[in-house]
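A.B. asks: would you be able to build a 3D model of this:
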Amino acid sequence: MNFKFQEVKNDMIYGILYGLLCGWILSVFDIDDICIKVLQPLFSIELTTDHYYFVFGICGLIYGIIHG
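C.D. replies: So this is what the prediction gives:
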């Protein structure tokens, strides 16, 4: 049981790192600014690059859990 939990934990960490890496690569091409400008009218709070990276980290986490 403990071994399986360790594998899932590693998959979650790697998923977060892969998500953040993908977000960073896209931000090199200014995709982060495009995403923020497109999604801003849908939210009442001001979206920032912190939100952008948070979403990519969560998406990577979910991917790591599902495909790990």
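A.B. asks: how many other residues sit next to Gly60?
C.D. replies: Gly60 has 22 neighbours, counted by other Cβ atoms under 10 Å. C-beta here means a position set from N, CA and C on the backbone, and glycine is covered the same way.
A.B. asks: actually Ile16, not the one I wrote
C.D. replies: A count of neighbours around Ile16, defined by other Cβ under 10 Å, yields 19.
A.B. asks: hmm, it is touching Gly57, no?
C.D. replies: Yes. Ile16 is within contact range of Gly57, at 5.0 Å (criterion: Cβ atoms under 8 Å).
A.B. asks: mind checking how far Glu46 is from Gly23?
C.D. replies: Between Glu46 and Gly23 the distance is 19 Å, computed by Cβ to Cβ, to the nearest Å.
A.B. asks: between the two, which has more neighbouring residues?
C.D. replies: Set Glu46 next to Gly23 and count neighbours by other Cβ under 10 Å: Gly23 wins out with 21 against 8.
A.B. asks: so which bits of the one helix or strand that one maps to are buried?
C.D. replies: Assigned by DSSP states H and E, Gly23 falls within helix 2-28. Buried residues in helix 2-28, defined by neighbour count with 16 or more other Cβ atoms under 10 Å: Asp11, Met12, Gly15, Ile16, Tyr18, Gly19, Leu20, Gly23, Ser27.
A.B. asks: possible to save those as JSON lines with pLDDT and distance to Tyr63?
C.D. replies: JSON lines is the format used below for the buried residues of helix 2-28 (pLDDT from 0 to 100; distance: Cβ to Cβ, whole Å):
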{"residue": "Asp11", "pLDDT": "87", "distance to Tyr63": "9"}
{"residue": "Met12", "pLDDT": "90", "distance to Tyr63": "10"}
{"residue": "Gly15", "pLDDT": "93", "distance to Tyr63": "5"}
{"residue": "Ile16", "pLDDT": "95", "distance to Tyr63": "9"}
{"residue": "Tyr18", "pLDDT": "96", "distance to Tyr63": "7"}
{"residue": "Gly19", "pLDDT": "96", "distance to Tyr63": "7"}
{"residue": "Leu20", "pLDDT": "96", "distance to Tyr63": "12"}
{"residue": "Gly23", "pLDDT": "96", "distance to Tyr63": "13"}
{"residue": "Ser27", "pLDDT": "96", "distance to Tyr63": "19"}
